[in-house]
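Student: coords please:
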Amino acid sequence: MWSQEDTRQGRINPAHPGEPPVPIVRKPGDASDVRTAQLGRSICIKGEITGSEDLTVDGQVDGRIDLPDHILTVGPNATVCADITAKSVMVFGSVLGSIVARDKVEIRRSGSIEGSVVCGRLAVQDGAILCGRIETGAKRRPALTAGAERAPQVLAPVA
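Tutor: Numbers count the residues shown, from 1 in each chain. I've put the predicted structure just below:
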């Protein structure tokens, strides 16, 4: 007959002292390579923040935040008085200033933004506060000069 100890030994592979462990190689851009810096609620920064990783702010920031290829999360306890440039911005706290997001701005129920917002997409939850100028979607076409008239375009000949 067999015993439980025999079964356990069969599942455990003893380490071979002569073989080094195989290192895990991670390439930049892998999903497992996501880095997020965090500023806690007791942190107060006056000045400019730039970075090449995602950032979560739960304290106070006065100045400028520049994360052109990354995500900024404004936590529920955060007060940000700054001009923000990021790939995407998610607001749970308070933002006073301009936001330029290449992809998306999302304002959650507890969040508020006072200032201009320029983004590809905008999501506002019920209860969120948004006060200011908003520009979303694709880039605008150049405006026609005053007095210039557009010539009618023929799309297809009519028989």
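
Student: tell me the pLDDT at the residue nearest to Gly59 when sequence neighbours are not counted?
Tutor: The shortest distance from Gly59 to any non-neighbouring residue, by Cβ to Cβ, 6 or more residues apart in numbering, is to Ile43 (3.7 Å). Heads up, the C-betas are built off the backbone N, CA and C, glycines and all. Here, the pLDDT recorded for Ile43 equals 91.

Student: please apply the same query to Gly137.
Tutor: For Gly137, pLDDT reads 83.

Student: next, count neighbours for it.
Tutor: Using other Cβ atoms under 10 Å, Gly137 has 9 other residues around it.

Student: quick one: contacts for the residue lying closest to it once chain neighbours are set aside?
Tutor: Spatial nearest neighbour of Gly137, excluding adjacent residues (Cβ to Cβ, 6+ apart): Gly120 at 7.0 Å. Taking Cβ atoms under 8 Å, 6 or more residues apart in numbering, we find Gly120 in contact with Ala101, Arg102, Asp103, Lys104, Thr136, Gly137, Ala138.

Student: what does Leu55 give?
Tutor: Thr36, Ala37, Gln38, Leu39, Ile49, Ile65, Leu67, His70, Ile71, Leu72, Thr73.

Student: could you redo the last one with a cut-off of 6 Å?
Tutor: Ala37, Leu67, Leu72 (Cβ atoms under 6 Å, 6 or more residues apart in numbering).

Student: okay, and the beta partners of the first one?
Tutor: Beta bridges link Ala37 to Leu55 when assigned by DSSP bridges.

Student: and the gap between it and Leu67?
Tutor: Distance of Ala37 to Leu67, given as Cβ to Cβ, to the nearest Å: 10 Å.

Student: which helix or strand lies directly C-terminal to the longest strand along the chain?
Tutor: Ranked by residue count under DSSP state E, the longest strand found in the chain is strand 60-74. Downstream of strand 60-74, the next assigned helix or strand under DSSP states H and E is strand 79-91.

Student: buried set for the following helix or strand past that next one?
Tutor: Downstream of strand 79-91, the first helix or strand assigned by DSSP H and E is strand 94-96. Judged by neighbour count (16 or more other Cβ atoms under 10 Å), strand 94-96 contains these buried residues: Ser94, Val95.
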